[in-house]
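K.L.:
All I have is the shape, not the residue letters:
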């Protein structure tokens with residue numbers, strides 16, 4: 001083979017090696033980005049889980065407070081009703097004198 005025949009073959013080999021190196025490096029960078037994003041996603045998910053757990057605890061506290069207040073309101077209504085009956089009875093006694 002002459003130098004003229006070898007030159008295109010050498011250029012093709014060098015070009016394909018350069019293309020292969022470029023494609024390999026590109027794939028490696030994409031893989032590293034995916035791993036980095038996966039770590040960030042995992043950190044985000046962990047932070048989100050912590051926040052959800054904290055908010056669930058607060059919700060439970062508020063639900064208990066609401067139930068307690070509703071029970072107190074029911075007791076106060078009962079006492080108010082009893083007081084109204086007593087007042088009505090006392091007014092009736094005063095009118096009958």
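P.N.:
Yes, it's here. Values in this document were obtained by computation on a predicted structure and should not be read as measured data.
K.L.:
helices or strands up against the host helix or strand of residue 49?
P.N.:
For residue 49, the host element (DSSP states H and E) is helix 3-96. Counting contacts by 3 or more CB pairs under 8 Å, 6 or more residues apart in numbering; DSSP states H and E, helix 3-96 packs against no other helix or strand. From N, CA and C alone the C-beta is placed, and that goes for glycine too.
K.L.:
avg pLDDT for that helix?
P.N.:
In this model, helix 3-96 has a mean pLDDT of 85.
K.L.:
Now do residue 73 against residue 82, distance only.
P.N.:
Remark: distance between residue 73 and residue 82 (CB to CB, to the nearest Å) = 15 Å.
K.L.:
typed the wrong thing, it's residue 29
P.N.:
79 Å.
K.L.:
Kindly report the same for residue 39.
P.N.:
For residue 39, the distance to residue 82 equals 65 Å [CB to CB].
K.L.:
Residue 28 too?
P.N.:
From residue 28 over to residue 82 (counting by CB to CB), the distance is 81 Å.
K.L.:
try residue 74
P.N.:
13 Å.
K.L.:
One more: residue 49?
P.N.:
On the measure of CB to CB, residue 49 and residue 82 end up 50 Å apart.
K.L.:
same check, this time on residue 95
P.N.:
From residue 95 to residue 82 the distance is 21 Å (CB to CB).
K.L.:
and those two? which has more neighbours close in?
P.N.:
More crowded of residue 95 and residue 82, by other CB atoms under 10 Å: residue 82, with 10 against 7.
K.L.:
Nearest residue to the middle of the protein?
P.N.:
residue 48 (4.1 Å; CA atoms, centre = their mean).
K.L.:
quick one, what contacts it?
P.N.:
If you count contacts by CB atoms under 8 Å, 6 or more residues apart in numbering, residue 48 has none.
K.L.:
Can you give me the distance of it to residue 39?
P.N.:
Residue 48 is 15 Å from residue 39, by CB to CB.
K.L.:
what's the answer for residue 65, then?
P.N.:
Residue 65 is 40 Å from residue 39, by CB to CB.
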